[in-house]
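Undergrad: Here you go, sequence then predicted model.
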Amino acid sequence: RTDFTCAAVDLGASSGRVVAGEVAAGKLELTELHRFPNSPSRTEAGLRWDISRIHREVLTGLDAASAYAPASVGIDSWAVDHGLLDETGNLLAEPYHHRDTRTEGMMERVRELVTDEELYRVTGLQRLPINTLYQLLASEESGQLESARTMLLLPDLLNYWLTGNIGAEITNASTTQLFDVLGDDWAHDLVRRLGLPTRLLPPPHSPGRCAGTLLAEVGTRTGLPAGLPVTSVASHDTASAVVAVPAATERFAYISCGTWSLVGLELDSPVLTERSRAANFTNERGVEGTTRYLRNTMGLWLLQECLRRWRELGMRRELGELLEGAARLPAFRSVLHTDDPAFIASQDMPTAIATACANVGEPVPETPEETVRCVLESLALAHRTTVRDAARLADHEVEVVHMVGGGSRNDLLCQLTADACGLPVVAGPAEATALGNVLVQARAHGAAGDRAAARELVAETQPLRRFEPTGGAQEWSAVEARVHGNRQRDHGVR
Ligand code: ADP
Ligand code: LRH
């Protein structure tokens, strides 16, 4: 195999980056060319993404990539959010952020039309208010779909602006709750029954296909040659991250840990049992027809929002310093169930955490370090419960947990996760998503092998760290029971 160079655009909810990826036998190298912060933009028209700015940042990154003479470009991003195009192909409005509260009440609306059981049977998806289904229903109810002709998930929208071509890459389409969990197409009947227009849904395709070629105008703005192939990667960032999990065994669980923590397994086929539905597990599409069987858990959003609030209040301490302080505190003082929907919205998170503690009788964290300790132990507990639930529901043995994404840089979280799960944690790569993006492009261009070969290459070339469990099995069982009990009581009271 010859050297292959490509540009990968990886958009996360907290930051976006453009990297150059180089692949050859025994070689996998990323060079970060451009990184920019990303956050929801609060406007009079709700919580939105400033997609025009994101688009400009992507072009800036591609301009930097032109020095590498890439053979291809690929884009991935967070899931569920989308732009709506009118009949002339213009974007109708800045896309909504999935944390916008307009989806309140939409789950109940859907229940009037389709039972939870049927929805799970058809789409295989976890019920989360952020899902595209609930977002589109909210847009439909407020008349915002009237002039919409096409819905494009964000990577598909950016591909459209790069190439002029319209399509829906299926790893990301599978997160909408509008896609057939057992087929390769949208769930048209379901969409119709929900009263949503099927005209919005572009033709689906698998990752690895050519999405089109670079328009001349994009060439002029970036210095890349017009006609350069844009490859459809596993455009859901989590799907790309799973490609680059450096697992050496099939008995692994992964935690793709960034703004969200996506915790689960790679399986050959979906799990659609009643127990799986009741446990709110999702079956998303992976590469090579695999299923990403996982639960979306709250993730480092909690910490990001705390830091944002503390900065607003003038606090100067950096994350590293807070983590060091948190590591020195006693264990298990205040632990919460983090998947309470109350934490989804952007808010004064330290206060929300304090209130949640007070509500269930956990000691209220007094200092930022105590709050950080509470968040990380609570996330580690969610990791433990989810890894164990997934293994049980899919009847799949797990002997190692791979943590990838920015959260794999957080030593305290990695160690707490190893202790909580009672399993070794292999941490890294932090940039698994960008690596997965590069590997799918390389494979599409004949420069890399299948997913097993890709994983071997990641393990061989990327620095990884191993965290062994240090004990505390009984304490973690006790804390799991305590948090579960708190939750039951809290629900009883409400
Ligand atoms: P996303 O793709 O959702 O934007 P990332 O995978 O980039 O998220 O992860 C971002 C998170 O990773 C940050 O919120 C932070 O908590 C964590 N992180 C990044 N770098 C470090 C670090 N050096 N130490 C500890 N945590 C880190
Ligand atoms: C992670 C992620 C996750 C989705 C959420 C919206 O970045 O794509 O898999 O559920 O963002």
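TA: Nice, thanks for sending it over. Ligands and ions are numbered 1, 2, ... in the order given.

Undergrad: List the neighbouring strands of whichever strand or helix holds Val263 plus their orientation.
TA: Here Val263 sits within strand 261-267, counting by DSSP states H and E. Sheet neighbours of strand 261-267, with direction, are listed as strand 252-257 (antiparallel), strand 291-297 (antiparallel) (DSSP bridges).

Undergrad: check whether the longest one contacts ligand 1.
TA: In this case it means strand 291-297. No - using CB under 6 Å from any ligand atom, strand 291-297 never reaches ligand 1; the gap is at least 11.9 Å. For the C-beta atoms, the positions are set from N, CA and C on the backbone; glycine is no exception.

Undergrad: can you tell me if that strand touches ligand 2.
TA: Yes - contact of strand 291-297 with ligand 2 (CB under 6 Å from any ligand atom) involves Asn296.

Undergrad: Dump that strand to PDB, keeping only the CA atoms.
TA: Coordinates of each C-alpha in strand 291-297 appear next as PDB, following Å, rounded to 0.1, in the frame of the first residue of the first chain:
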ATOM      1  CA  THR A 291     -24.600  -2.300  15.300                       C
ATOM      2  CA  ARG A 292     -23.400   0.200  17.900                       C
ATOM      3  CA  TYR A 293     -25.300  -1.000  20.900                       C
ATOM      4  CA  LEU A 294     -25.000   1.700  23.400                       C
ATOM      5  CA  ARG A 295     -26.600   4.200  25.800                       C
ATOM      6  CA  ASN A 296     -26.100   7.900  25.500                       C
ATOM      7  CA  THR A 297     -25.100   9.000  29.000                       C
END
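
Undergrad: what distance separates it from the centre of its chain?
TA: Chain-centre distance of strand 291-297: 10 Å, with CA atoms, centre = their mean, to the nearest Å.

Undergrad: Need the residues that contact it.
TA: 124, 126, 128, 238-239, 242, 254, 260-271, 279-286, 338-339, 379, 382-383, 386, 389-390, 393-394 (CB atoms under 8 Å, 6 or more residues apart in numbering).

Undergrad: what does stretch 379-387 give?
TA: Residues from elsewhere that reach stretch 379-387 (CB under 8 Å, 6+ apart): 253, 255, 261, 263-264, 294-295, 297-300, 302, 335, 337-339, 398, 401, 413, 416-417, 419-423, 476, 479-480, 483.

Undergrad: ok and the residue in the stretch 201-350 of the chain nearest ligand 2?
TA: Thr238 (3.9 Å; CB to the nearest ligand atom).

Undergrad: so what does the helix or strand harbouring that residue touch, helix or strand wise?
TA: Element membership for Thr238 (DSSP H and E) is helix 237-243. Judged by 3 or more CB pairs under 8 Å, 6 or more residues apart in numbering; DSSP states H and E, helix 237-243 is in contact with strand 4-11, strand 73-77, strand 252-257, strand 261-267, strand 282-285, strand 291-297, helix 432-444.

Undergrad: quick one, which of these is nearest to Gly183?
TA: Ranking the helices and strands packed on helix 237-243 by proximity to Gly183 (CB to CB) places strand 282-285 first, at 10.5 Å.

Undergrad: pLDDT of stretch 351-371, averaged?
TA: The pLDDT scores in stretch 351-371 average 97.

Undergrad: Can you list the buried residues in stretch 63-70?
TA: Asp63, Ala64, Ala65, Ser66, Tyr68, Pro70 (16 or more other CB atoms under 10 Å).

Undergrad: helix or strand for the second one, which one?
TA: Assigning secondary structure by DSSP H and E places Ala64 in helix 51-65.

Undergrad: which other residues reach that helix?
TA: Residues outside helix 51-65 that contact it (CB under 8 Å, 6+ apart): 7, 9, 11, 16-18, 20, 33-34, 36, 38, 73, 75, 83, 91, 94-95, 154, 157-158, 161, 218, 221-224.

Undergrad: For the nearest residue to Met315 once chain neighbours are set aside, give its distance to Leu336.
TA: In this structure, Met315 finds its nearest non-sequential neighbour in Pro368, 6.9 Å apart by CB to CB, 6 or more residues apart in numbering. Distance, Pro368 to Leu336, by CB to CB, to the nearest Å: 16 Å.

Undergrad: ok, those two, which is more surrounded?
TA: Leu336 (26 against 20; other CB atoms under 10 Å).

Undergrad: So which of the buried residues of stretch 63-70 would count as near ligand 1 as well?
TA: Okay, of the buried residues of stretch 63-70, nothing touches ligand 1 (CB under 6 Å from any ligand atom).

Undergrad: May I see these arranged in JSON lines, with pLDDT as well?
TA: Formatted as JSON lines, the buried residues of stretch 63-70 follow (pLDDT from 0 to 100):
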{"residue": "Asp63", "pLDDT": "98"}
{"residue": "Ala64", "pLDDT": "98"}
{"residue": "Ala65", "pLDDT": "98"}
{"residue": "Ser66", "pLDDT": "97"}
{"residue": "Tyr68", "pLDDT": "97"}
{"residue": "Pro70", "pLDDT": "98"}
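
Undergrad: Adding distance to ligand 2, write these out as TSV.
TA: Converted to TSV, the buried residues of stretch 63-70 look like this (distance: CB to the nearest ligand atom, whole Å):
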residue	distance to ligand 2
Asp63	25
Ala64	23
Ala65	22
Ser66	27
Tyr68	26
Pro70	24
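
Undergrad: Brilliant, that's me finished.
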